[in-house]
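Novice: For reference, the sequence and a predicted model appear below.
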Amino acid sequence: MLDETAPHAGTPPPLQLRDVTSGYGAAPVLHGVSLSVAPGEIVALLGKNGMGKTTLLKTALGILPLKGGTVLVGGTASAGLSPARLVALGVGYAPQEQPLFPDLTVRDNLRLALRSDRDLAAGLDHAASSFPFLRDRLRQRAGTLSGGEQKMLILARALMMRPRLLLVDEISEGLQPSVVARIAAILRAERAERGTAMLVVEQNLDFALGVADRWAVLKRGEIDDAGPSGPAMRGRILEHLSI
Amino acid sequence: MLILLDVVTTAAILFIVSAGLLAIFGVLKIINFAHGAWLTVGAYCAVVAARLGLNPWAALPLAFAVGAALGTVAEWLIIRPLYRRPLDAILATWGLGIVIGQLITLAFGRDVQITPNLLGGTVALFGLDYSLYRLFAVLAAVLIGGSCAALLEGTRLGLKARAVIMNEALARALGIDTARVRLATFAIGAGLSALAGVLLTPLTSVDPNMGVAWLIGAFMLVMVAGGSFAALAVACLVFGAVQVLVSTFVSPILGSISVAVLAAVVLRISPRGFARA
């Protein structure tokens, strides 16, 4: 269990999962998961492969239907709401699986994050302020970017949505340490500037503990342990992640 | 030169007839077997426009509007629950086509209808007197293809449609209302089909079953085109050439059969058709 949202001047938590059961088809992957992300808070969701981390993100975004429990997004129950409605409520998503449209240009991938092309110039400026290389690559097909550049494009697109809650799925996977450090700095800056709350699914423990205020370990679809971030937590978390 | 003109104009007519079917198949991944019925609805819009004393060209926007409106209702009531059941969608759209045909029969009877000529006469070209309307068909095909390309490449709806084609799950995750994109696509595809029905009226007799014959050819072209308007244009040129050449030098009956045989051969060699060739 992890439900330690601190009171935040009456603002409802951007994300609250209460006793959530969810999964693919008939078999549930998540079993009674409770988890909250407070305004401006970054929570790292850790766990080995196949434990339900991505399933939790997809459930929070309404891609997977709830089989039990409640998901509240900014205080609004998400049951029955489409992903389009939840995105309109302020949820941004940086997915891990097939995260880009490789045959579309960088510019078009970014355009898809916006509700109107009237916001395009400001949005591109915002993206380029965090990821300057994008400014020169707007006409390039996204599939031809390097792995690290693609990850940055995924994050830039999610941030262009100006989300109140950002769901990030294993953004550091396969990246060299310098790019990981850059992404961590950008996530921290986004939180500092806009107060964006984030739920960051990760396998990279150093990255996760570096950006998050709190962590939770998901094991076989249940929250196995949770606590505040900090170097002292490393050993405790590794115990959960070891084979 | 006559052969070349026949090839180009035949390809243009095939493109006009197939564009609506391709728009729906490209985005929605279902074959709309009611396509022939929408062609017929469009042709009967020309009949209605004539009875109302309207300018014959007014039938074009009228048919597009009627086709799109009927397409909206059909998508909402019949097609929407069947996107994950494409075989059922084939049966449902086939049935819908039969119902539309019967309703047209009830309203207008089985008789062949007469429509005013959109563009009559011939024009001297390369020393030949050639049908002005068949040349206009080339312009119409270019306009339809150009409009579809502009819609796909130059608008947000087009961008969203391309995103849905490429990766619908990701499109949904980014907040794109994929149901609305599907609805708009089906309506536009149905509108294009009805528009094609009007454009066919100078070339074919208008009766309640007129769409069926065109449906089969359009279906084969769309299968060979594989979901791309550029590939559809290539397929129409190749199939149009084969049809004209075989019809001219061998037999008109074999000309029609040769298209079906060529479609089977192309799909046997390249299952994704011309789109990836």
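Specialist: Nice, thanks for sending it over.
Novice: Could you tell me which residues of chain A lie near chain B?
Specialist: Counting by C-beta under 8 Å from any C-beta of the partner chain, the positions of chain A adjacent to chain B are A:61, A:63, A:82-84, A:86-88, A:93, A:95, A:98-101, A:103-104, A:108, A:111-113, A:115-117, A:157, A:161. C-beta here means a position set from N, CA and C on the backbone, and glycine is covered the same way.
Novice: And the pLDDT at the residue in chain A that chain B sits nearest to?
Specialist: Nearest residue of chain A to chain B (C-beta to the nearest C-beta) works out as A:Val87 at 2.8 Å. pLDDT recorded at A:Val87 is 93.
Novice: Just the element for the residue nearest to it when sequence neighbours are not counted, please.
Specialist: The shortest distance from A:Val87 to any non-neighbouring residue, by C-beta to C-beta, 6 or more residues apart in numbering or on different chains, is to B:Gly175 (2.8 Å). Secondary structure from DSSP states H and E places B:Gly175 outside every helix and strand.
Novice: and the residue of chain A closest to chain B, what is it in contact with?
Specialist: A:61, A:93, A:161, B:174-175 (C-beta atoms under 8 Å, 6 or more residues apart in numbering or on different chains).
Novice: Pick out the residue in chain B sitting closest to chain A.
Specialist: Here chain B gets closest to chain A at one residue, B:Gly175, 2.8 Å apart by C-beta to the nearest C-beta.
Novice: give me the number of residues near that residue?
Specialist: Neighbours of B:Gly175 under the rule other C-beta atoms under 10 Å in any protein chain shown: 23.
Novice: Relative to A:Arg157, how far out is it?
Specialist: Counting by C-beta to C-beta, to the nearest Å, the separation of B:Gly175 from A:Arg157 is 11 Å.
Novice: ditto for A:Arg107
Specialist: 11 Å.
Novice: Who has more neighbours out of these two?
Specialist: For A:Arg107 versus A:Arg157, the count of surrounding residues by other C-beta under 10 Å is larger for A:Arg157: 26 against 16.
Novice: And the pLDDT at that one?
Specialist: On pLDDT, A:Arg157 comes in at 94.
Novice: dump the residue contacts of it.
Specialist: So, once contact is read as C-beta under 8 Å, 6+ apart, A:Arg157 ends up touching A:94, A:109-110, A:112-113, A:127, B:174.
Novice: pretty sure it is in a strand, no?
Specialist: No. The assignment for A:Arg157 (DSSP: H, G, I helix; E, B strand; the rest coil) gives helix, which keeps it out of a strand.
Novice: Now it: closest residue in space that isn't a chain neighbour?
Specialist: Nearest to A:Arg157 is A:Ala113, by C-beta to C-beta, 6+ apart, at 4.5 Å.
Novice: what's around that neighbour, how many residues?
Specialist: Other residues near A:Ala113 number 23, with proximity taken as other C-beta under 10 Å.
Novice: Next, it: secondary structure please.
Specialist: Look at A:Ala113: counting by three-state DSSP, its state is coil.
Novice: wouldn't it be in contact with A:Met161 here?
Specialist: Yes. Between A:Ala113 and A:Met161 there is a contact at 4.9 Å, judged by C-beta atoms under 8 Å.
Novice: Overlap in contacts, the two.
Specialist: With C-beta under 8 Å, 6+ apart, A:Ala113 and A:Met161 have common neighbours A:92, B:174.
Novice: quick one, strands of chain A?
Specialist: With strands called from DSSP state E, chain A shows them at A:15-24, A:27-37, A:42-46, A:66-73, A:76-77, A:91-94, A:165-169, A:197-202, A:214-219, A:222-228.
Novice: Other residues contacting the last one?
Specialist: In this case it means strand A:222-228. Under the contact criterion C-beta under 8 Å, 6+ apart, strand A:222-228 has outside partners A:1-2, A:4, A:30-35, A:47, A:213-218, A:233, A:236-237, A:240.
Novice: Give me the buried positions along stretch B:72-79.
Specialist: For stretch B:72-79, burial by neighbour count (16 or more other C-beta atoms under 10 Å in any protein chain shown) applies to B:72, B:74-75, B:79.
Novice: Now do the lowest-mean-pLDDT helix or strand in chain A and strand A:42-46, the angle between them.
Specialist: Ranked by mean pLDDT, DSSP states H and E, the weakest helix or strand in chain A is helix A:234-241, scoring a mean of 82. Using axes from the mean of the first three to the mean of the last three C-alpha atoms, to 10 degrees, the inter-axis angle of helix A:234-241 relative to strand A:42-46 is 40 degrees.
Novice: Take the contacts of A:Val87 and write them to TSV, including pLDDT and distance to B:Ala63.
Specialist: Output for those, formatted as TSV (pLDDT from 0 to 100; distance: C-beta to C-beta, whole Å):
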residue	pLDDT	distance to B:Ala63
A:Leu61	93	41
A:Tyr93	94	42
A:Met161	88	40
B:Leu174	93	35
B:Gly175	91	34
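Novice: of those, closest to B:Ser247?
Specialist: Looking at those and their distance to B:Ser247, the nearest is B:Leu174, at 49.2 Å (C-beta to C-beta).
Novice: ok, now which ones touch the residue of chain B closest to chain A?
Specialist: Taking C-beta under 8 Å, 6+ apart, we find B:Gly175 in contact with A:83-84, A:86-88, A:115, A:161.
Novice: Could you pick out the buried ones from those residues?
Specialist: A:83-84, A:86-87, A:161.
Novice: Okay, and which of the residues you listed map to helices?
Specialist: A:83-84, A:86-87 (DSSP state H).
Novice: Show me which pair in these is furthest apart.
Specialist: Among those, the pair separated by the greatest distance (C-beta to C-beta) is A:Ala84 and A:Leu86, at 7.4 Å.
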